[in-house]
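K.L.:
Here is a sequence together with a model predicted from it:
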Amino acid sequence: PAFSLWISVNGKILEYKGLPSNDHPDYANKKQFYEFVLSCLGGREVTYVISRSWYEPMYKLPLNDDDLTDEHRAFAED
């Protein structure tokens, strides 16, 4: 891709600079993941999305962004 992709995790900006070359063995998987992130998460704060997707019994399943504790946000960031 010609453009960088940015997402925010717990207020920290992460930049994805692009895909490997077309002949890389994992190119198709990385391209599919890139397109998903670009369409669904690009330019957004994703801590809540990560917390809803990765179950951790130590924390309750958040129903909204306000349900995330600082500790849960840090867990999602790691």
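P.N.:
Here it is on my side, so go on. Numbers count the residues shown, from 1 in each chain.

K.L.:
ok, and the residue of the chain most remote from its centre, which helix or strand is that part of?
P.N.:
Most distant from the centre of the chain: residue 23, at 25.5 Å, with distances by CA atoms, centre = their mean. Per DSSP states H and E, residue 23 falls between elements, in no helix or strand.

K.L.:
And for residue 7?
P.N.:
Going by DSSP H and E, residue 7 is in strand 5-9.

K.L.:
Touching that strand from outside, list them.
P.N.:
Strand 5-9 is contacted by residues 13-16, 34, 37-38, 41-47, 50, 76-77 when judged by CB atoms under 8 Å, 6 or more residues apart in numbering. Yep, even glycine has a C-beta here, placed from its N, CA and C like the rest.

K.L.:
contacting residues around the residue nearest the centre of the chain?
P.N.:
Most central in the chain under CA atoms, centre = their mean is residue 46, positioned 5.4 Å from the mean C-alpha point. Listed by CB under 8 Å, 6+ apart, the contact partners of residue 46 are 7-9.

K.L.:
Determine the angle, from 0 to 180 degrees, between the longest helix along the chain and strand 5-9.
P.N.:
Secondary structure assigned by DSSP state H gives helix 27-40 as the longest helix of the chain. Angle of helix 27-40 versus strand 5-9, following axes from the mean of the first three to the mean of the last three CA atoms, to 10 degrees, is 70 degrees.
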